[in-house]
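Visitor: 3D model of this:
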Amino acid sequence: MANHKSAAKRARQSVKRKDVNSRRKSTVKTHEKSLVKALASKDVKALPELLKNLSSQFMKAANKGALRKSTVSRKIGRLSARVQQALSGK
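Guide: Model prediction:
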């Protein structure tokens, strides 16, 4: 338990921040799963839009500090390569 008013406020803020960050991460994971599912089912019409939405969600999470920017960059790069490969028909 916090002994000072400011420490109690920080504790409240950290709980709120944890909830927001977990919500952001959950949204990103949901978008990522839908893109991977579309890749597996070879749904080439939906791939560009799904990739665009996923990268947007990834960057929002990275800019807000929920995810590390290097992790986001790596994941976007790898998924983009998979999408391009699927679109080219290889």
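Visitor: longest helix of the protein, counting residues only.
Guide: helix 5-40 (DSSP state H).
Visitor: tell me what that helix is packed against?
Guide: helix 47-64, helix 69-88 (3 or more CB pairs under 8 Å, 6 or more residues apart in numbering; DSSP states H and E). Just so you know, the C-beta spots here come from the backbone N, C-alpha and C atoms, and that holds for glycine as well.
Visitor: pick the most buried one from those helices.
Guide: Most buried of those by mean neighbour count (mean count of other CB atoms under 10 Å) is helix 47-64; its value is a mean of 16.
Visitor: what is the orientation angle of that helix with helix 5-40?
Guide: 160 degrees (axes from the mean of the first three to the mean of the last three CA atoms, to 10 degrees).
Visitor: and helix 47-64, what does it pack against?
Guide: Going by 3+ CB pairs under 8 Å, 6+ apart, helix 47-64 lies up against helix 5-40, helix 69-88.
Visitor: can I get those in a markdown table including mean pLDDT?
Guide: As requested, the helices and strands packed on helix 47-64 are exported to a markdown table (pLDDT from 0 to 100):
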| stretch | mean pLDDT |
| --- | --- |
| helix 5-40 | 96 |
| helix 69-88 | 96 |
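Visitor: ok, now which ones touch the residue most central in space within the chain?
Guide: Geometric centre of the chain, nearest residue: Val28, 3.0 Å, by CA atoms, centre = their mean. Contacts for Val28 (CB atoms under 8 Å, 6 or more residues apart in numbering) come out as 54, 57-58, 61, 66-67.
Visitor: could you do Pro48 as well?
Guide: 83, 87.
Visitor: Ser55 versus that one, what's the distance?
Guide: 11 Å (CB to CB, to the nearest Å).
Visitor: which of the helices and strands packed on helix 5-40 sits closest to Leu39?
Guide: helix 69-88 (5.8 Å; CB to CB).
Visitor: so how far is the closest one off the chain centroid?
Guide: 13 Å (CA atoms, centre = their mean, to the nearest Å).
Visitor: what of stretch 57-75?
Guide: 7 Å.
Visitor: what of stretch 30-44?
Guide: For stretch 30-44, the distance to the chain centre is 14 Å (CA atoms, centre = their mean).
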